[in-house]
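Participant: sequence first, then the predicted structure:
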2 protein chains.
Amino acid sequence: MKKIITISREFGSSGGTIGKAVADRLGYEYYDKEIILRSAREANLDIASLEKWDERIPMNFGFAQSLFDFYNKPLNEKLFEAQKKVIREIGEKGNCVIVGRNANTILGEYDNTLHIFIHAHPYWRLQHLKEKMPDTSEAKIMERMKDVDKKRKKYCAYYTNTVFGMSDYYDLSLCSSSLGVDTCIDLICELAQK
Amino acid sequence: MKKIITISREFGSSGGTIGKAVADRLGYEYYDKEIILRSAREANLDIASLEKWDERIPMNFGFAQSLFDFYNKPLNEKLFEAQKKVIREIGEKGNCVIVGRNANTILGEYDNTLHIFIHAHPYWRLQHLKEKMPDTSEAKIMERMKDVDKKRKKYCAYYTNTVFGMSDYYDLSLCSSSLGVDTCIDLICELAQK
């Protein structure tokens, strides 16, 4: 029986929906954005300024590193460290599904884990996001997809020194658009119960 | 029901064993190195010189491209094209498991496919390869692992313009060392029969 399930996901791939359904079926706790809020409380930082930094690394990452260190590092790093602490606490308790936040690397050395990556074809993601954001134009959604993809990749590289979406860093990677969301949920639950 | 299953795999991850077992259980044909031999016959090249080029791209890929084009391209490209043709023929017939040879990208536009990537922790791969090569030293095996990993990555980038092992290029990626070989076989068969 796997006690800790982490789900990393591409924006619009239904990773959150899948994670929630898995948690419900297994009777596990589900953790998502609320982790940030908890970590904010822990670190006594104000939430508005934390969210500004969420999934961001310095704009000139790779270039003006020293400038970055000087101006931005403290808040970014504080947020990452605070989240890490919270994720570890959640991991200690077990019976949890954690979506996002690089939980797979943060809980890398824990036992009874199942680390999952969910991805989907870009066209499917677009259709899916259109349903969720009916008032946003296709062009804007595509721009946002590209932007989020890029940010997650950079954030992952910067904070965990791994490659976002590279199979090696997960036990299981699933394409939700070709396998279907329900099949993904079934598969994960089946593996978790082994 | 999936008619075509392709398996890309890391050296020593048991991808071949898994593919063979899946083919047996589903009653599908299994294709592996023999593809090279068939393609060699098709292209009327002699097998020894073909195998010399297998999974190779020019040594100075990225540098002396023009030199490469002049000296090496014809034989490399001929081999790749001949394999491609054979893989497409196998795909047309269906009910097949194809291991390696970038079959996932070659059959990318076919219907009823299931494209899989199998990977494993390096330490597990080493243990596994030691059983298969009892007369080779650990150091030599590790060197060979590194060498094959590098070659497959380059070969994949060069011929298919994709990234070897990047989740996006497969429907399903499995870690055979953490999930177990038998679980991988069960999972693939289950998905293939959907």
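Facilitator: Received, thanks. Residues are numbered from 1 along each chain as shown, chains lettered A, B, ... in the order given.
Participant: following element in sequence after the helix or strand of chain A with the lowest mean pLDDT, please.
Facilitator: Every helix and strand in chain A was compared by mean pLDDT, DSSP states H and E; the lowest is helix A:65-71, with a mean of 47. Elements were assigned by DSSP states H and E; along the chain past helix A:65-71, the next helix or strand is helix A:73-93.
Participant: after that next one, next one along is what?
Facilitator: Once helix A:73-93 ends, the next helix or strand along the chain (criterion: DSSP H and E) is strand A:96-99.
Participant: pull out the buried positions in that following strand.
Facilitator: By neighbour count on 16 or more other CB atoms under 10 Å in any protein chain shown, the buried set for strand A:96-99 is A:96-99. The way it works is simple: take the backbone N, C-alpha and C, and place the C-beta from them, glycine included.
Participant: between helix A:73-93 and the helix or strand where residue A:148 lies, find me the angle.
Facilitator: For residue A:148, the host element (DSSP H and E) is helix A:138-160. Interaxial angle, helix A:138-160 versus helix A:73-93 (axes from the mean of the first three to the mean of the last three CA atoms, to 10 degrees): 80 degrees.
Participant: does chain B have contacts with whatever helix or strand comes next after helix A:138-160?
Facilitator: Next in sequence after helix A:138-160, counting helices and strands by DSSP H and E, comes strand A:172-175. Yes - interface with chain B: strand A:172-175 contributes A:172-175 (CB under 8 Å from any CB of the partner chain).
Participant: so which of these is the most crowded?
Facilitator: residue A:174 (32 neighbours; other CB atoms under 10 Å in any protein chain shown).
Participant: identify the bridge partners of that residue.
Facilitator: Residue A:174 has these beta-bridge partners by DSSP bridges: residue A:118, residue B:172.
Participant: so it makes contact with residue A:184?
Facilitator: Yes - Residue A:174 is within contact range of residue A:184, at 4.9 Å (criterion: CB atoms under 8 Å).
Participant: which neighbours do the two share?
Facilitator: Contact criterion CB atoms under 8 Å, 6 or more residues apart in numbering or on different chains; residues bridging residue A:174 and residue A:184 by contacting each: residue A:118.
Participant: who in chain A is up against chain B?
Facilitator: Near chain B, when you scan chain A using CB under 8 Å from any CB, you find A:117, A:119, A:163, A:165-168, A:170-175, A:178-179, A:183, A:187, A:191, A:194.
Participant: again, only this time at 7 Å
Facilitator: Residues of chain A lying close to chain B by CB under 7 Å from any CB of the partner chain are A:117, A:119, A:165-168, A:171-175, A:178-179, A:183, A:187, A:191, A:194.
Participant: before we move on, the earlier item: quick one: list the elements packing against the helix holding residue A:148.
Facilitator: helix A:122-132 (3 or more CB pairs under 7 Å, 6 or more residues apart in numbering or on different chains; DSSP states H and E).
Participant: report the angle between the helix it packs on and helix A:138-160.
Facilitator: 110 degrees.
Participant: report the distance from helix A:122-132 to the chain centre.
Facilitator: Mean-position distance between helix A:122-132 and its chain equals 18 Å (CA atoms, centre = their mean, to the nearest Å).
Participant: do stretch A:6-21 as well
Facilitator: Relative to the chain's own centre, stretch A:6-21 is displaced by 8 Å; criterion: CA atoms, centre = their mean.
Participant: could you give me the buried positions within it?
Facilitator: Within stretch A:6-21, the residues that count as buried by 16+ other CB under 10 Å are A:6-21.
Participant: residue contacts, residue A:103?
Facilitator: Neighbour list for residue A:103: A:6, A:87 [criterion: CB atoms under 7 Å, 6 or more residues apart in numbering or on different chains].
Participant: distance of it relative to residue A:93?
Facilitator: 13 Å (CB to CB, to the nearest Å).
Participant: closest to residue B:127 out of the buried residues of stretch A:6-21?
Facilitator: Of all the buried residues of stretch A:6-21, residue A:6 has the smallest distance to residue B:127: 25.9 Å, by CB to CB.
Participant: grab the nearest non-local neighbour of the closest one.
Facilitator: Spatial nearest neighbour of residue A:6, excluding adjacent residues (CB to CB, 6 or more residues apart in numbering or on different chains): residue A:103 at 4.0 Å.
Participant: just checking, residue A:98 touches residue A:87?
Facilitator: Yes - between residue A:98 and residue A:87 there is a contact at 6.4 Å, judged by CB atoms under 7 Å.
Participant: give the contact list for the residue lying closest to residue A:112 once chain neighbours are set aside.
Facilitator: The shortest distance from residue A:112 to any residue other than its chain neighbours is 4.3 Å, reached at residue A:3 (CB to CB, 6+ apart). Neighbouring residues of residue A:3 by CB under 7 Å, 6+ apart: A:94-95, A:112.
Participant: list buried residues within these.
Facilitator: Looks like the contacts of residue A:3 have residue A:94 buried, using 16+ other CB under 10 Å.
Participant: can you pull up the most central residue in chain A?
Facilitator: In chain A, the C-alpha nearest the mean C-alpha coordinate belongs to residue A:100, at 1.5 Å (CA atoms, centre = their mean).
Participant: please report how far that one lies from residue A:32.
Facilitator: Per CB to CB, residue A:100 is found 7 Å from residue A:32.
Participant: and for residue A:168?
Facilitator: 25 Å.
Participant: likewise residue A:166?
Facilitator: 23 Å.
Participant: next, give phi and psi for residue A:4.
Facilitator: phi -130, psi 120 (degrees, to the nearest 10).
Participant: isn't it right up against residue A:107?
Facilitator: Yes - judged on CB under 7 Å, residue A:4 makes contact with residue A:107 at a distance of 5.9 Å.
Participant: who has more neighbours out of the two?
Facilitator: Shown here are residue A:4 and residue A:107; by other CB under 10 Å, residue A:4 has more neighbours (25 against 21).
Participant: that's all I had, so thanks and see you.
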